[in-house]
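Peer 1: what's the 3D shape of this:
(one chain, ligands or ions: 3)
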Amino acid sequence: MKQIERLESLGLFDARVPRYTSYPTAPVFSTKTGAAFQHEALAGLDPAEAVSVYLHIPFCERLCWFCACRTQGTKTLSPVESYLDALEAELAIVRDTIPEDLRMGRLHWGGGTPTILPPQMIHRLAEAVKRVFPPIQDWEFSVEIDPTMVDRAKIAALAEQGMNRASIGIQDFDPVVQAAIGREQPFDVTRACVDDLRAAGVTSLNTDLVYGLPHQSQARQADTVAKVLTLDPDRVALFGYAHVPWMSKRQKLIDEAALPGDHARHALARLAGARFEAAGMTPIGIDHFAKAEDDLARAQQEGRLRRNFQGYTADDCATLIGLGASSISRLPGGYLQNAPATAAYSQRVAAGILAGTKGHVLTEDDRLRGRAIEMLMCDFRIDRAALERDFGPAASRLDPTHSLVAAQYADYVVMEEGSLSIQPEGKPLTRIIASAYDAYIANGARYSQAS
Ligand SMILES: C=Cc1c2[nH]c(c1C)Cc1[nH]c(c(CCC(=O)O)c1C)Cc1[nH]c(c(C)c1CCC(=O)O)Cc1[nH]c(c(C)c1C=C)C2
Ligand SMILES: C[C@H]1O[C@@H](n2cnc3c(N)ncnc32)[C@H](O)[C@@H]1O
Ligand code: SF4
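Peer 2: Ligands and ions are numbered 1, 2, ... in the order given. The predicted model follows:
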């Protein structure tokens, strides 16, 4: 049997499992954990430890049909202006809750499209965040940028506020694919944006690509990858298209008949991956590539790679404070998600209430399984000794699962001294294998295809 058919027989194309940007995953969160927990957790933060801050801007001028991110379309800046009022209200409540001298190690603006903000709003928002969270000396400030929704004045404003990393959305450069996902983006506009970001002092530049989009072919994918390589990115994210029209209504505009089949989709991922590796980039986790000298590759090399709501990261801050509608915080005791809809979020913070509405308090078992899943997603290996260091004898609770996984995926995993490793050919199965450690997997949530 061919390699791909053996993987297929293990459920590669049938499995619908989470991406594990957290454990438990967001669908497990419940309203039993809300603002009361958030208040206690924020108040109890240790001021000696810098925190990471994520700020969500849920607005786009265009709404790409393939997109599953939480965002809304707007042609004017008036809802954006009101949203900044809400963010300032949330920041004021958070300021009154956290210890006085808490510092910020990292700030990430995501969306949606943060670059919908004109320069004066960029300054207003960045200054509001820094007043509540003064940055440490060598802080990092990263921003998600839509090359068609940015100009030099916006980039200059972001750079003046300290932006030193950026991530640009590309997805695919082919005009036929772009038309099929409702996202026109000329190469020369993207090229100019990259040049401006570099000139403004951005030292680490990520590009987002998606495989599995309608009308993608080997030839088109090869051409997109070649164009991306001429931009010389430090990192590339290559996401598998998650077709979840029940979650993201705009995906109903996607022509399902034009989506590549399972084998074609897999071949697209393989082709792009092989080209990035041939260009000298290191594969990182299940869907990233990075230059060897980039922090992400170094983190992987040194066993410091982590996974959080933004995907793979070298961020070692234990605490992530999410601001804005739908943002998720990772606090010492557990997770908390802000009200997802912009209106509900704005009403809460205007009333002076913390924005968290759903969450999960972590048990010791959650932490153990969560760390095992993170190890698989980052290192393709569950290090038994490391788990025992952190969790003591409780680490043995996973032994039956190791045995089950080792038997079920015998050709693709090895057990050595209690540590389980996924072999290189088994990497496409990583999300499926990780889900074997998920105690909540049968809770009825619907997920996207695993590979
Ligand atoms: C690559 C970046 C993406 C992030 N989320 C998505 C993408 C493409 C889209 C997405 N998010 C979820 C699903 C369904 C489950 C799955 O297939 O794994 C998809 C397709 C689950 C999910 N992840 C987060 C949330 C809030 C949810 C939805 C749960 C719910 O409300 O029902 C956390 C989260 N992931 C990303 C961000 C930016 C984010 C939180 C703000 C990245
Ligand atoms: C933040 C990044 O998330 C990716 N992204 C957005 N929507 C989807 C989806 N449905 N499937 C896969 N990736 C997606 C894009 O690459 C975007 O740039
Ligand atoms: S891909 Fe970016 S620009 Fe397009 S809808 Fe999603 S968040 Fe908005």
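Peer 1: so where's this protein uncertain?
Peer 2: Confidence mapping of the chain against pLDDT under 70 gives the ranges 1, 443-444.
Peer 1: Quick check: residues of the protein near ligand 2?
Peer 2: 66-69, 169, 171, 208, 210, 239, 241-242 (C-beta under 6 Å from any ligand atom). All C-beta spots, glycine's among them, are computed from the backbone N, C-alpha and C.
Peer 1: Now the two most distant members of the residues you listed.
Peer 2: Maximum pairwise distance in those, criterion C-beta to C-beta, is 15.2 Å, between 169 and 242.
Peer 1: Helices along the stretch 101-250 of the chain, start to end?
Peer 2: In the stretch 101-250 of the chain, the helices defined using DSSP state H, counting those that start in this stretch lie at 119-132, 152-160, 175-180, 187-199, 218-230.
Peer 1: from the chain's centre, how far out does stretch 145-162 sit?
Peer 2: 21 Å (C-alpha atoms, centre = their mean, to the nearest Å).
Peer 1: what's the first-to-last distance across that stretch?
Peer 2: Start-to-end span of stretch 145-162 (C-alpha to C-alpha, to the nearest Å) is 15 Å.
Peer 1: So is that stretch next to ligand 3?
Peer 2: Yes - using C-beta under 6 Å from any ligand atom, stretch 145-162 reaches ligand 3 at residue 146.
Peer 1: Now the closest residue to ligand 1 within the stretch 301-450 of the chain: closest residue in space that isn't a chain neighbour?
Peer 2: For the stretch 301-450 of the chain and ligand 1, the shortest gap (C-beta to the nearest ligand atom) falls at residue 448, measuring 3.3 Å. Take residue 448 and drop its neighbours on the chain: the residue closest to it by C-beta to C-beta, 6 or more residues apart in numbering is residue 242, 3.4 Å away.
Peer 1: okay, residue 169 and residue 242: which has more neighbours?
Peer 2: residue 169 (24 against 17; other C-beta atoms under 10 Å).
Peer 1: Dump the helices of the stretch 101-250 of the chain into a markdown table; add mean neighbour count as well.
Peer 2: Converted to a markdown table, the helices of the stretch 101-250 of the chain look like this (neighbours: other C-beta atoms under 10 Å):
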| stretch | mean neighbour count |
| --- | --- |
| helix 119-132 | 17 |
| helix 152-160 | 18 |
| helix 175-180 | 16 |
| helix 187-199 | 16 |
| helix 218-230 | 17 |
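Peer 1: Reformat the ones you listed as CSV; add distance to residue 140.
Peer 2: Output for the helices of the stretch 101-250 of the chain, formatted as CSV (distance: least, C-beta to C-beta, whole Å):
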stretch, distance to residue 140
helix 119-132, 14
helix 152-160, 13
helix 175-180, 31
helix 187-199, 15
helix 218-230, 23
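Peer 1: Let me know which of these is the nearest to residue 375.
Peer 2: helix 218-230 (29.4 Å).
Peer 1: which helices and strands sit right next to that closest one?
Peer 2: Counting contacts by 3 or more C-beta pairs under 8 Å, 6 or more residues apart in numbering; DSSP states H and E, helix 218-230 packs against strand 204-211, helix 262-278.
Peer 1: Surely residue 379 touches residue 304?
Peer 2: No - Residue 379 is beyond contact range of residue 304, at 10.2 Å (criterion: C-beta atoms under 8 Å).
Peer 1: Tell me the spacing between residue 317 and residue 55.
Peer 2: 15 Å (C-beta to C-beta, to the nearest Å).
Peer 1: how close does residue 237 get to residue 285?
Peer 2: 10 Å.
Peer 1: An error on my part: the question was meant for residue 412.
Peer 2: For residue 412, the distance to residue 285 equals 17 Å [C-beta to C-beta].
Peer 1: One more: residue 410?
Peer 2: Using C-beta to C-beta, residue 410 is found at 24 Å from residue 285.
Peer 1: And residue 120, by the same measure?
Peer 2: Using C-beta to C-beta, residue 120 is found at 38 Å from residue 285.
Peer 1: swap in residue 272?
Peer 2: Taking C-beta to C-beta as the criterion, residue 272 is separated from residue 285 by 15 Å.
Peer 1: What are the phi and psi values at whatever residue of the stretch 101-250 of the chain ends up closest to ligand 1?
Peer 2: Closest residue of the stretch 101-250 of the chain to ligand 1, C-beta to the nearest ligand atom: residue 242 (3.5 Å). Backbone geometry at residue 242, expressed as degrees, to the nearest 10, gives phi -100, psi 110.
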